[in-house]
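A.B. asks: Structure, please.
(chains A, B, C and D)
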2 protein chains.
Amino acid sequence: MTTESTSTDSARTSKWELRRQTIIDTSARVFARQGYHATGIMELCAANDLGKGALYHYIGSKEELLAGIHDRVMDEVMLGADRVAATGGEASQQLAMLGDELLDVIHRYPDHVWVFLHEFPALTGERAEQFRVRRQRYERQIEGVLRDGVKSGEFSDIDPWLTARAWLGMHNYTYLWLKPGGRLTARSVAKPFADIFMRGLLATDER
Amino acid sequence: MTTESTSTDSARTSKWELRRQTIIDTSARVFARQGYHATGIMELCAANDLGKGALYHYIGSKEELLAGIHDRVMDEVMLGADRVAATGGEASQQLAMLGDELLDVIHRYPDHVWVFLHEFPALTGERAEQFRVRRQRYERQIEGVLRDGVKSGEFSDIDPWLTARAWLGMHNYTYLWLKPGGRLTARSVAKPFADIFMRGLLATDER
DNA sequence: ACAAAAACCGACCGACCGGTCCAGAACCAC
DNA sequence: GTGGTTCTGGACCGGTCGGTCGGTTTTTGT
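C.D. replies: Numbering: from 1, shown residues only, chains lettered A, B, ... in the order given. Okay, the predicted model is just below:
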């Protein structure tokens, strides 16, 4: 009562929050390797070097842990998207920047993204709904940039919705092979991807 | 001895094979909705209107059922790829045809493809290896077409491996929203996708 | 008509599931 | 020290898991 308590009662020490985050990150790797449902609580305990009681002291439930992984990804993605929106510029530049940001997240959090893209149907109830809304908001932003580009005449008269799906697929799908430590950096992928999407494959002297 | 027996002993009546296929198809829908590990054997029994004994009379194990779903998809995809290779033509035409074929499979087997893209890590042992090989063979074919296009000068000097990943992502990712009965047909998506990939978004008067 | 084969059922199995609970250890302010 | 809070382990819970098995029904061949 006397001290803070944001609104929910989930006010814990920062040490607790920090430990919780490491648990989420460690568990993400296990989920990514074996799948959410295929991973038992005891395996998570082993991975985090914790007993059951201790683990449940930090996570409320297995699904809450899954939600934590999703949030981590979405927070980063939305942050990047906001940064781009704040920068402004032509549609093609915006799209290129969005690609940079997205691939950067995928490159930095490959396990979280894997879980995010594979296990999001395992979220239930309000968590599922909240997640759906955030994801849709991001996708709408991509569509918006495309619509702007068409309107301004920078882009040809493409279907913004369909083109957004093409763009999202092209970038999201990199989660299968874009890993830190590999020979490829986020930037070294984002650049050629943007080139393809803007100019296409055909040699310039044709058409 | 007197009659046929291809090579393996898995020679059953065609009625049995047919029933097995319908079970695979029905189960694919359940797996797609709930996930492989999250689906119990009893749910599969209910979906197929069968008891446990009867179900296991057709599938050897849960994983064998999963493998059946994977095979169904891969068979169709490889068949389409072979058709395209047999047709021949310029690289850009080949790529467009491959897109047509791939999206057609995704459109016709949305559940199988969902399972295929989400649950392939659940395959183990030899089944996993065989699957990995087939998938790689397909992806190599895409790369090959791109390499040909670069060599012939039809395409600009792009990285075939990276560009293949872009193409695969753009097309495979449609499994999330491309469904039969919807307003979109495979062709009505494949065409604009091919246009983007060949010519890009930028209006022609620029650059 | 009748026996062999195929199709089918559900009770049952040991193992493991996610989650709870509580007693004790470690850490804190004082 | 001392009393309270945070943190930790592991025994334990009911339930469900994938899979088996013996036996019954249905289909098939002749």
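A.B. asks: Could you use CA atoms for every contact and neighbour count after this?
C.D. replies: Will do.
A.B. asks: Flag every residue of chain A that's near DNA strand D.
C.D. replies: A:13, A:15, A:16, A:49, A:50, A:51, A:52, A:53, A:54, A:57 (CA under 7 Å from any atom of the strand).
A.B. asks: Determine the three-state secondary structure at residue A:74.
C.D. replies: helix (DSSP: H, G, I helix; E, B strand; the rest coil).
A.B. asks: which residues does it contact?
C.D. replies: Residue A:74 makes contact with A:134, A:135 under the criterion CA atoms under 8 Å, 6 or more residues apart in numbering or on different chains.
A.B. asks: Show me which residues of chain A sit near DNA strand C.
C.D. replies: Counting by CA under 7 Å from any atom of the strand, chain A sits next to DNA strand C at A:37-42, A:52-53, A:56, A:60-63.
A.B. asks: where are the low-confidence patches of chain A?
C.D. replies: Applying pLDDT under 70 to chain A picks out residues A:1-11, A:205-207.
A.B. asks: mind redoing it with 50?
C.D. replies: A:1-9, A:206-207 (pLDDT under 50).
A.B. asks: Report the central residue of it.
C.D. replies: In chain A, the centroid-proximal residue (CA atoms, centre = their mean) is residue A:73; its distance is 3.8 Å.
A.B. asks: circling back: just the buried ones from the residues of chain A next to DNA strand C?
C.D. replies: A:37, A:39, A:41, A:62 (16 or more other CA atoms under 10 Å in any protein chain shown).
A.B. asks: Give me the subset of these lying in helices.
C.D. replies: A:41, A:62 (DSSP state H).
A.B. asks: so what's residue A:164 up against?
C.D. replies: Residues near residue A:164 by CA under 8 Å, 6+ apart: A:139, A:142, A:143, A:146.
A.B. asks: next one: phi and psi at the residue in chain A that DNA strand C sits nearest to?
C.D. replies: Proximity of chain A to DNA strand C (CA to the nearest atom of the strand) peaks at residue A:40, 3.0 Å away. The phi and psi values for residue A:40, taken as degrees, to the nearest 10, are phi -90, psi 160.
A.B. asks: Show me which residues of chain A sit near chain B.
C.D. replies: For chain A, the residues in contact with chain B (CA under 8 Å from any CA of the partner chain) are A:34, A:37-38, A:118, A:121-122, A:153-156, A:158, A:162-163, A:165-174, A:189, A:192-193, A:196-204, A:206.
A.B. asks: among those, which ones are buried?
C.D. replies: Neighbour-count burial (16+ other CA under 10 Å) applied to the residues of chain A next to chain B gives A:37, A:118, A:122, A:154-156, A:158, A:163, A:165-174, A:189, A:192-193, A:196-203.
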